[in-house]
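Chemist: Just a sequence and a predicted model for now, questions to come.
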Amino acid sequence: MKVLVCVKRVPDTGGGFKLTSDGQRVDTTNMDFTISPHEECAVEEAIRIIEKHGGSSTVLTLGPEQAQEQLREALAKSVNGAILLEAPDYESWDPAATAQAIAEAAKPGGYDILLFGNECADACNYQVGLRVAHWLDIPCVTGIKALEIQGNKAIAKREVKDGWEVYEVSLPAAFTVKEGLNSPRHPSLRGIMGAKKIPIEKKKLNKREPQLVRKMLRKPQEGRGQIEILGQGVEAVPKVVAKLRELGVI
Amino acid sequence: MWDFKGVDYYELDALLTPEQKLIRNTVRQFVNESVLPVIRESFEEGHLPRSLVPEMGKLGLFGANLKEYGAGVDSIAYGLIMQELERGDSGLRSFVSVQSGLVMYPIYTFGSPEHKKRWLPKLASGDAIGCFALTEPGHGSDPGGMESKATKDGNYFILNGNKTWITNGTNADVAVVWAKLDGVVRGFLVEKGTPGFSAVKIEHKLSMRASDTAELYFNNCRVPKENLLPGVEDLRGPLMCLNQARYGIAWGAVGAAMACYEEALNYSKERIQFDKPIGAFQLVQRKLVEMLTEITKAQLLCFRLGQLKDQNRIKHTHISMAKRNNVAMALQIARTARDILGANGITLDYQSIRHMVNLETVYTYEGTHDIHTLILGHDITGLEAFR
């Protein structure tokens, strides 16, 4: 079994963020970088598939030199190999160009399973996984929260209101996964130190003209929340219910 | 619980290697997910959160800086591990400090090949727990005056004496015990269950409640002669171990201070009095600014200390300065945070008071604040004030 898992280096916005003055991107000065929670689950799933069925896993990213950090994190968790598609100008790569480059890099690998996050944590275009599958002419199930490999087919489940959609696809296939698929492991310290020594395969890319051009980003107004105590114990219940109704939750 | 992002006003993160950052973030996440949800209960009930030990072993937190048997992380990464653990609780950091710096380190450095093979893999995985027995009821700051004695009897040594304030004491599978053999301090490995060896939990602590602290008794305890640590004689042995542990404490104290500062800062922005957040008052702002400044200074001390350690240029007095400064700083910050939290700050619903009472111990153990002052005083004047 050969598994390819694709990740993207994104700013860790957990502590708040600002946009650059031209509104074109997140101001990443002093920011940490990470991969999105969906992709963490994709990495974990790749490792589990190999632990269960044998074979090898490879992590791939299209990004700048520094994106090796994210690749090494996956290697530290015991992904077997890593590919960096070098794109110093990665911010101007749209989903179509990104997907084409990934598909071209993936094709010679002969992967049985391609895993993606359902959407990346910064641009949230929901497109790359699907487009790669299209380029490779393989089936794709998006937004899955369960995956089971049975010989040369896979059963993938997508959560919907009040139930599951269950898909059976033949391999090779692509899947875009959602947080909740599994709980990602922490890398061990030994894994982190060992990952330093694993060579990363680097491929140079030719610049492609984006078809999708971003006009600008706008940060939504931050709500200045106010804490309102509705009461203590049982006496608070009617007020809580009324508030939930007012908010349209129930 | 909010997602802790660290306190990094001077952008020290930019000086860390990707591995150091990943190690720090891994331990930070472990503390968020596994420690913070259980630590309050452990502290309140007065026991070590033992269920965390296997996970810490799996992560590789025990003996992390040892080249063999550990991951061989550098000193800054090791310090960052201690920082994050103590952001959880000083008791948890103490557990790891003792296991790593005071048990694995002496076995690794002074032990025989058999000692290493027998103990280090189990201690690294957390399948075995260790403790370090130096302090005695009558000898704290003055370990050279120890009364514990070993006498040779054929293929055995016979140990007699009492040790106290021993972290991990009742949980330990192996104790590194320091006692005088023919007037010279030597180290012995004493296994749990050895006849004549017993450990009794010290009760009624109001500090370090999530840590196992014990008194150890050796009453004609017969230890096989092979259990003597061959590689060291005199006080140099335990003092080298303490340097390892004190180095970790200097970093750990920063973690506790960061937790308190974060908590106080968040609270000050949410707590409304006189129709505005208390963080809008000048007196509170001053407290927060002083906290942040002291944390930043302590971080810089630690970072440089780590560089010196990795370059083998570190002196024990460098470590004394960082331990002395950072623990006093953290204790003061915990008290100030408790103050900002007002009445809410006296409950365990908030972390600050737990850190505050823990830090009273940290201020005293591994060389009291005053003893480190005298060590530094001696170093700069050449005049010894305590003998």
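Modeler: Okay, I see it. Numbers count the residues shown, from 1 in each chain, chains lettered A, B, ... in the order given.
Chemist: C-alpha from now on. contacts and neighbour counts both.
Modeler: Fine.
Chemist: Show me which residues of chain A are close to chain B?
Modeler: Proximity of chain A to chain B is assessed by CA under 8 Å from any CA of the partner chain, with A:14-15, A:30, A:69, A:73, A:186-190, A:192-193, A:196, A:227 identified as the residues in range.
Chemist: go with 7 Å
Modeler: With CA under 7 Å from any CA of the partner chain as the criterion, chain A comes near chain B at residues A:15, A:30, A:69, A:186-190, A:192-193.
Chemist: For whichever strand in chain A runs longest, give me every contacting residue.
Modeler: Residue-count comparison of every strand in chain A, with assignments taken from DSSP state E, identifies strand A:140-150 as the longest. Contacts of strand A:140-150 with the rest of the structure, by CA atoms under 7 Å, 6 or more residues apart in numbering or on different chains, involve A:118, A:130, A:133, A:154-159, A:173-178, A:180-181.
Chemist: Kindly export that strand (C-alpha atoms) in CSV.
Modeler: Once non-C-alpha atoms are left out, strand A:140-150 reads as follows in CSV (Å, rounded to 0.1, in the frame of the first residue of the first chain):
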residue,chain,number,x,y,z
CYS,A,140,-12.6,11.1,-4.8
VAL,A,141,-14.7,11.3,-1.6
THR,A,142,-14.7,14.6,0.2
GLY,A,143,-15.3,15.5,3.8
ILE,A,144,-14.9,12.0,5.2
LYS,A,145,-14.9,11.1,8.9
ALA,A,146,-14.2,7.4,8.5
LEU,A,147,-12.1,5.3,6.2
GLU,A,148,-11.6,1.6,5.9
ILE,A,149,-9.4,-0.2,3.4
GLN,A,150,-10.6,-3.6,2.2
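Chemist: Flag every buried residue along it.
Modeler: Buried residues in strand A:140-150, counted by 16 or more other CA atoms under 10 Å in any protein chain shown: A:140-147, A:149.
Chemist: any chance of these in TSV, plus pLDDT?
Modeler: Putting these into TSV (pLDDT from 0 to 100) gives the following:
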residue	pLDDT
A:Cys140	97
A:Val141	97
A:Thr142	96
A:Gly143	95
A:Ile144	96
A:Lys145	96
A:Ala146	97
A:Leu147	97
A:Ile149	96
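Chemist: What ranges does chain A have for its helices?
Modeler: A:37-53, A:68-76, A:95-106, A:128-136, A:189-195, A:237-246 (DSSP state H).
Chemist: if you compare the ones you listed, which one is most tucked away?
Modeler: Comparing those by mean neighbour count (mean count of other CA atoms under 10 Å in any protein chain shown), helix A:68-76 ranks first with a mean of 25.
Chemist: which helices and strands sit right next to it?
Modeler: Under the contact criterion of 3 or more CA pairs under 7 Å, 6 or more residues apart in numbering or on different chains; DSSP states H and E, the helices and strands touching helix A:68-76 comprise helix A:189-195.
Chemist: elements contacting the helix it packs on?
Modeler: Where contact means 3+ CA pairs under 7 Å, 6+ apart, helix A:189-195 is packed against helix A:68-76.
Chemist: Extract the C-alpha trace of the helix it packs on and format it as CSV.
Modeler: As requested, the backbone C-alpha atoms of helix A:68-76 are provided in CSV (Å, rounded to 0.1, in the frame of the first residue of the first chain):
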residue,chain,number,x,y,z
GLN,A,68,10.1,21.6,5.5
GLU,A,69,9.2,22.3,9.1
GLN,A,70,5.7,20.9,8.5
LEU,A,71,7.1,18.0,6.5
ARG,A,72,9.5,17.1,9.3
GLU,A,73,6.6,17.1,11.8
ALA,A,74,4.9,14.5,9.8
LEU,A,75,8.2,12.5,9.5
ALA,A,76,8.6,12.8,13.3
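Chemist: tilt between it and helix A:37-53?
Modeler: 30 degrees (axes from the mean of the first three to the mean of the last three CA atoms, to 10 degrees).
Chemist: what separates helix A:68-76 from the chain centre, distance-wise?
Modeler: For helix A:68-76, the gap between its own C-alpha mean and the chain's C-alpha mean amounts to 14 Å (CA atoms, centre = their mean, to the nearest Å).
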